[in-house]
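> kindly return the folded structure for what I paste below:
(one chain, ligands or ions: 1)
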Amino acid sequence: MTLPFLPIFVVDLLGSALMIFFAGACVRLSYGLHVQDRENVLWVYLLMVSHALAVFAVSRGVGHIAKQLLLLGGYRDIWDGLRPYSGSLNTISFCVVGAVTLFFERIWKVYQQILRDRHALREAHENLVSLNKRLEDAVAERTAELARSEQKFRRIFEASLDMIAVVASDGTVLDMNPAGREMLGIDGLNPRWGVGAERVSFGTFFARPEEWEQLKERLQRECSVADAEIDLVGRDGREISALLSAASQCDVLEKTAIFHLVVKDISQRKAMQQQLLQADKLASIGQLAAGVAHEINNPLGIILGYTQLLIREEPEGTERREDLKTIEKHTRTCKTIVEDLLSFARRSHTKKEPASVRDIIDEVLSVVRHNLELRRIEVETHFDPQIPALVVDKDKLRQVFMNLIMNAQQAIGKDGRISIRTVFGDDGKHVHVSVSDTGTGIEPKHLPRIFDPFFTTKSTGEGTGLGLSVSYGIVKDHGGEILVESEPGKGSVFTVLLPVTAEPVESGGRDD
Ligand code: ADP
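Residues are numbered from 1 along each chain as shown. Purely as a prediction, here's the structure:
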């Protein structure tokens with residue numbers, strides 16, 4: 001084919017050059033597309049086809065240029081030799097284009113599938129990511145909820161006034177709140193029990209260790225125990241009456257259980273119950289005693305009167321006079337006991353007026369001092385100068401301190417010390433008067449009974465067992481309290497608490 005206005009060889013040369021140029025441009029363009037998205041199979045295909053076309057364009061263009069140059073130079077025979085190679089190269093290039101195009105359909109399908117799969121994968125990935133996010137949110141919310149709950153229970157644990165403890169089945173304390181540690185006097189111990197700290201066994205705090213063993217058995221059998229009364233002893237030796245409620249994490253197959261305990265200190269409540277019981281007991285004994293005392297008071301007075309009349313009529317030195325004297329002496333003793341009984345039952349007249357406790361004690365001491373010196377008993381006094389005058393019945397209080405000092409003297413026997421101390425209480429409402437001695441002390445089994453009327457450990461003639469009960473009645477009548485601390489061999493301390501009352505009172509002589 002020729003253009004009418006150009007010679008054939010120019011058209012051929014120009015066409016071939018343009019063909020090579022366009023083929024090169026195609027290669028460059030398809031390469032650019034391929035670089036942008038290397039995974040796109042369409043661009044791969046375009047790149048391969050444009051390469052094949054470029055090979056075709058170069059082989060055909062170079063072939064035609066060479067042909068024109070050889071024909072123009074008169075080398076037709078050379079061209080005739082080269083022609084078959086140029087033709088076959090063109091054919092091969094086209095075959096490649098054809099084969100790639102034919103194969104491309106298969107590749108295209110696979111590619112489409114891959115695209116679909118990739119899409120599905122992306123969707124699955126997105127679903128997974130959102131699921132994961134929801135899971136993370138749920139975990140974060142649950143963790144916050146748990147932290148709030150832990151904080152709430154920790155606050156209850158820390159602030160509880162009762163002991164809360166977690167104890168392993170072998171008795172090892174795993175955790176205990178501050179109230180529990182204070183109750184047992186183990187405040188200083190590391191609260192992270194067992195980790196590099198002293199291992200504390202709960203059973204060691206039981207006054208009777210077998211009680212703990214029984215409790216454990218019951219807990220393992222029944223899984224819970226409610227309001228069991230127990231006696232504990234703190235590290236500082238304090239005895240504690242307590243109510244224990246507990247639950248165990250029960251699993252029949254599990255050999256090691258965990259016990260959760262709540263222990264309530266009821267020592268104070270028990271002491272108060274004891275006091276009420278004592279007061280009740282004294283009240284009923286008092287009523288009985290007062291009735292009896294009242295009945296025998298008058299006959300005793302008559303016996304005493306007549307005995308004294310008879311003594312007066314009897315000459316000195318006769319046996320009969322001595323007998324009458326013995327009757328008089330014993331009748332007087334009986335009268336003293338009856339008067340004690342009446343004052344115990346608060347049937348005697350009480351006259352309260354402002355008085356100094358120090359003066360009352362000094363008066364008592366002036367009476368007994370000689371007696372004490374004879375027994376080589378030293379008296380030590382310490383009076384708080386801050387103490388105000390108290391509104392009291394001086395005679396009755398004198399009787400109280402006389403009883404306490406005489407008891408102290410009898411408990412010491414010979415060689416010892418009695419200390420009397422007055423302190424104005426921190427609350428500003430009570431005066432504390434304590435009488436302590438270095439005497440024998442009181443057996444624990446006697447302690448609950450010493451204020452009972454007629455309770456005495458002294459031999460007949462030495463004690464009536466009324467001193468403390470009468471003193472108790474008098475102090476109670478003043479709105480006060482008598483406390484005692486004693487241990488055998490370590491002496492005793494009796495403390496009288498007297499309220500600072502403003503008004504002088506004259507109270508009920510119900511003497512009839
Ligand atoms: P009494 O002295 O007549 O026995 P009390 O009522 O005064 O009666 O005392 C009752 C008991 O309390 C005494 O018998 C004694 O056992 C005990 N007691 C009282 N005070 C003391 C003391 N200071 N030291 C030891 N025991 C005491």
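> now the strands for the stretch 301-450 of the chain?
With DSSP state E, counting those that start in this stretch, the ranges of strands along the stretch 301-450 of the chain come out as 350-351, 353-355, 377-383, 390-392, 416-424, 430-437.
> of these, flag the one that's most buried.
strand 390-392 (a mean of 24; mean count of other C-beta atoms under 10 Å). In this view, the C-beta of every residue, glycine as well, is placed from N, C-alpha and C.
> can you name every helix or strand that that strand contacts?
Other elements packing on strand 390-392 under the criterion 3 or more C-beta pairs under 8 Å, 6 or more residues apart in numbering; DSSP states H and E are strand 353-355, helix 357-374.
> got the strands of the stretch 301-450 of the chain as CSV, with distance to the ligand and mean pLDDT columns?
Listed next are those as CSV, based on distance: least, C-beta to the nearest ligand atom, whole Å; pLDDT from 0 to 100:
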stretch, distance to the ligand, mean pLDDT
strand 350-351, 20, 74
strand 353-355, 23, 90
strand 377-383, 12, 95
strand 390-392, 20, 90
strand 416-424, 9, 95
strand 430-437, 5, 95
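> could you dump those strands to JSON lines with distance to residue 111?
Below are those laid out as JSON lines (distance: least, C-beta to C-beta, whole Å):
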{"stretch": "strand 350-351", "distance to residue 111": "117"}
{"stretch": "strand 353-355", "distance to residue 111": "116"}
{"stretch": "strand 377-383", "distance to residue 111": "109"}
{"stretch": "strand 390-392", "distance to residue 111": "111"}
{"stretch": "strand 416-424", "distance to residue 111": "103"}
{"stretch": "strand 430-437", "distance to residue 111": "101"}
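> just to revisit the earlier point, nearest to residue 117, of the helices and strands packed on strand 390-392?
helix 357-374 (103.4 Å; C-beta to C-beta).
> so which elements touch the closest one?
strand 377-383, strand 390-392, helix 394-412, strand 416-424, strand 430-437.
> ok, now with 6 Å
For helix 357-374, the packing partners by 3 or more C-beta pairs under 6 Å, 6 or more residues apart in numbering; DSSP states H and E come out as helix 394-412.
> TSV for the helices and strands packed on strand 390-392, including distance to residue 440?
TSV is the format used below for the helices and strands packed on strand 390-392 (distance: least, C-beta to C-beta, whole Å):
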stretch	distance to residue 440
strand 353-355	32
helix 357-374	17
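> quick check: which of those is nearest to residue 43?
Closest among these, using C-beta to C-beta: helix 357-374, at 113.9 Å.
> just how off-centre is the closest one within its chain?
Distance of helix 357-374 from its chain centroid, counting by C-alpha atoms, centre = their mean, to the nearest Å, is 52 Å.
> now do stretch 57-74
Centroid displacement of stretch 57-74 relative to its chain, using C-alpha atoms, centre = their mean, is 105 Å.
> how close does the residue nearest the centre of the chain get to residue 352?
Using C-alpha atoms, centre = their mean, the residue of the chain that lies closest to the mean C-alpha position is residue 177, 1.7 Å off. Distance, residue 177 to residue 352, using C-beta to C-beta, to the nearest Å: 48 Å.
> before we move on, what about residue 125?
Counting by C-beta to C-beta - residue 125 and residue 352 are separated by 95 Å.
> look at these two and report which has more neighbours.
The neighbour count for residue 125 versus residue 352, taken as other C-beta atoms under 10 Å, is higher for residue 352 (20 against 10).
> wait, that one touches residue 393, no?
Yes: if you go by C-beta atoms under 6 Å, residue 352 and residue 393 touch, sitting 5.2 Å apart.
> checking my notes, residue 261 in a strand, right?
Yes: with DSSP: H, G, I helix; E, B strand; the rest coil as the criterion, residue 261 is located in a strand.
> list of residues touching stretch 293-305?
With C-beta atoms under 6 Å, 6 or more residues apart in numbering as the test, stretch 293-305 has contacts from 331, 334, 335, 338, 341, 342.
> how near is whatever residue of the stretch 251-400 of the chain ends up closest to the ligand to residue 473?
For the stretch 251-400 of the chain and the ligand, the shortest gap (C-beta to the nearest ligand atom) falls at residue 340, measuring 9.7 Å. According to C-beta to C-beta, residue 340 stands 10 Å off from residue 473.
> next, give phi and psi for residue 165.
Main-chain torsions, residue 165, degrees, to the nearest 10: phi -140, psi 150.
> show me the beta-bridge partners of it.
For residue 165, the beta-bridge assignment (DSSP bridges) gives partners residue 176, residue 261.
> counting neighbours, what do you get for it?
When neighbours are defined as other C-beta under 10 Å, residue 165 has 24 of them.
> equivalent analysis for residue 265, please.
Close neighbours of residue 265, defined as other C-beta under 10 Å, add up to 20.
> repeat that for the one 10 residues further on.
By other C-beta under 10 Å, 12 other residues sit near residue 275.
> quick check: mean pLDDT across the host helix or strand of it?
In this structure, residue 275 sits in helix 267-313 according to DSSP states H and E. Here helix 267-313 scores 80 as its mean pLDDT.
> again, but for stretch 488-495
When pLDDT is averaged over stretch 488-495, the result is 95.
> does it reach the ligand?
Yes: shown here: stretch 488-495 in contact with the ligand (C-beta under 6 Å from any ligand atom) through residue 492.
> next, the distance between the ends of that stretch.
18 Å (C-alpha to C-alpha, to the nearest Å).
> tell me which residue of the stretch 1-150 of the chain lies closest to the ligand.
Closest point on the stretch 1-150 of the chain to the ligand, by C-beta to the nearest ligand atom, is residue 150, at 54.9 Å.
> any idea how many residues pack against that residue?
11.
> shouldn't it be within a helix?
Yes: per three-state DSSP, residue 150 lies within a helix segment.
> any low-confidence regions in the protein?
Under the criterion pLDDT under 70, the flagged ranges of the chain are 1-6, 188-198, 250-256, 279, 282-283, 343-350, 460-461, 502-512.
> which residues of it lie near the ligand?
For the chain, the residues in contact with the ligand (C-beta under 6 Å from any ligand atom) are 403, 407-408, 411, 437, 439-440, 442, 446, 450, 455-458, 463-469, 492.
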